[in-house]
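Could you look at this predicted model? Sequence included:
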Amino acid sequence: MQNNIGEQTGLYIFPGPGVGKNATRQEKNEAMKHMGEKMATNPSGIFMYHAPGRPFTFGKWLGIEFGTELLEAILVVFLLAQTSIASFAGRVGFVLAAGILAAIATNVSYWNWYGFPCVYTTGYMFIQIVGFLCVGVVAALVLRRRSPAA
């Protein structure tokens, strides 16, 4: 791999169209016409490549993941707080629906376009949905029914 890719860290999709970086529109269109047969007769996939030298910073990655999920929770609770949903189940349902939307938005596209395995896709979606369900329960308890302002 390193001999072929070298120091070019990135996401690679194969098979490629087989045209250079400076291909004309006509060359790109012609290459796209042949992608179907290339996909049918060759292996295909996506490949994330990191050139040598990438440090293993587990703590940093874990922190970024935690921060991302905390931000998601804060945003969905903010949206929930803007509603007038009175029931506990309604508040949980609102956050759960947001979680289902978030899970579908990315994961189904990855399954569809890149061929991610169904077991991975459904498993990852399940984890996301359960996470939002937990946030919904906590938010519904914290944001109890408020009496209308007099």
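Cool, the structure landed.

All the strands of the chain, residue numbers only.
Per DSSP state E, the chain carries strands over the ranges 10-14, 45-49.

Under the pLDDT cut-off, which ranges of this structure? List them.
145-150 (pLDDT under 70).

All the helices of it, in order from the start?
For the chain, applying DSSP state H gives helices covering 2-5, 25-33, 35-41, 58-81, 88-114, 118-142.

Would you convert the ones you listed into CSV that also reports mean neighbour count and distance to Pro52?
Quick note: C-beta positions are derived from backbone N, CA and C, even for glycine. Below are these laid out as CSV (neighbours: other CB atoms under 10 Å; distance: least, CB to CB, whole Å):
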stretch, mean neighbour count, distance to Pro52
helix 2-5, 8, 7
helix 25-33, 11, 31
helix 35-41, 11, 30
helix 58-81, 12, 18
helix 88-114, 16, 25
helix 118-142, 16, 27
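
quick one, which of those is nearest to Ile13?
helix 88-114 (7.7 Å; CB to CB).

The closest one - contacts with which helices or strands?
helix 58-81, helix 118-142 (3 or more CB pairs under 8 Å, 6 or more residues apart in numbering; DSSP states H and E).

Of these, which is nearest Gly36?
Of the helices and strands packed on helix 88-114, nearest to Gly36 by CB to CB is helix 118-142, at 22.7 Å.

List of residues touching that closest one?
With contact meaning CB atoms under 8 Å, 6 or more residues apart in numbering, helix 118-142 is reached by 69, 73, 76-77, 80, 88, 91-96, 98-100, 102-104, 107-108, 110-111.
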